[in-house]
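> 3D, please:
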Amino acid sequence: MKNLLLFLFAVLFSTSVMAQVNTGDEAPGFTYTSLENEEVSLSDFDGKVVYIFFYGAGCPHCLDNGPITEEDIYQPFMENTNFVALGLDTWNDPTSANQNFRSETGITYTLLLNARQSLIDYYGNASAYDRSVVISADGTVAYKGTGFVDTDTDQVVAAIESELSKISTSQEPGDDLPKGITLAQNYPNPFNPSTTLSYTLNEASQVSLKVYNMLGAEIATLVNERQPAGQKTVSWNALTSSGGALPSGMYIYQLKAGNQVLTKKMTLIK
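A predicted model of the protein is given here:
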């Protein structure tokens, strides 16, 4: 009986250790609540290149390396609509600890809470935090870091560039244009202080893209010109455009192209 128990323990232990993914494998999905209390799933970003920072909100070296993920990995690609960055707290720390983590690191991309299970899914254990993973647009693991974030930043950036290039080279200009204009949800949302807005024109048009408060007062004009057909992206820094005077809250952004008008809401958190 003792030998049988030892055998079963060994089988279970080896299975848990092996339960991880490698480069080229399908990326395990997940759904977690963000620091802003919004439900976020990996499947929300199908067709995009996703960067994941596995961190612990109370981890000292994660606090040191968090700014690297923001400045060297996220910001160079933040205006590309085919790119998304997510931080997953694998220590399952409370919201207050994650708020402090955001404040100390300066990270502006989305942070997800209670995400330890994903660390186990990707690495086979709960101790491989402070790691980077890049997921390709087709949902497979394009890069999986084996050391702390500060040891492989160049490889991560190269992987992101490579995966984004695959998307751009597979799309011919003018292909799959919509029948009318489209306006995407800004990202990140909520944001502080910068966010990216993207839209698509089915034909050349006089374009206006403006931001309003909830009372209808105009806050900023982001675009006011004639533009050719295609996908467009605009970055808006609420701090710069308003001199830092805008309060936290909900704002409206409105796209006008020809005789078509589209409107969406976004949330500024300061």
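
> so what's the closest residue to residue 256 other than its chain neighbours bridging to?
Ranked by CB to CB, 6 or more residues apart in numbering and with sequence neighbours excluded, the top spatial neighbour of residue 256 is residue 208, at 4.3 Å. C-betas here are computed from N, CA, C, even on glycine. For residue 208, the beta-bridge partners are residue 224, residue 256 (DSSP bridges).

> my guess is residue 208 contacts residue 227, does it?
No - here residue 208 does not reach residue 227: they are 10.4 Å apart, not a contact under CB atoms under 8 Å.

> and residue 121, helix, strand or coil?
Using DSSP: H, G, I helix; E, B strand; the rest coil, the structure places residue 121 in helix.

> Quick check: it touching residue 27?
No - look at residue 121 against residue 27 with CB under 8 Å: they stay out of range, at 9.0 Å.

> how distant is the strand or helix carrying residue 134 from the center of its chain?
Using DSSP states H and E, the element containing residue 134 is strand 131-135. Distance, stretch centre to chain centre, for strand 131-135: 12 Å (CA atoms, centre = their mean, to the nearest Å).

> what's the following helix or strand past that strand packed up against?
Using DSSP H and E, the helix or strand that follows strand 131-135 in sequence is strand 141-144. The contact analysis (3 or more CB pairs under 8 Å, 6 or more residues apart in numbering; DSSP states H and E) places strand 141-144 against strand 131-135, helix 153-169.

> Of these, flag the one that's most buried.
Ranked by mean neighbour count, the helices and strands packed on strand 141-144 are led by strand 131-135 with a mean of 25 (mean count of other CB atoms under 10 Å).

> Can you list the strands that that strand pairs with?
Determined by DSSP bridges, the sheet partners of strand 131-135 are strand 49-55 (antiparallel), strand 141-144 (antiparallel).

> which one of those strands lies closest to residue 71?
strand 49-55 (12.6 Å; CB to CB).

> you'd agree residue 36 is in a helix?
No - read with three-state DSSP, residue 36 is coil and lies in no helix.

> so who does the closest residue to residue 189 other than its chain neighbours touch?
Closest residue to residue 189 apart from its sequence neighbours, by CB to CB, 6+ apart: residue 266 at 5.1 Å. If you count contacts by CB atoms under 8 Å, 6 or more residues apart in numbering, residue 266 has them with 185-186, 189-191, 195, 250-253.
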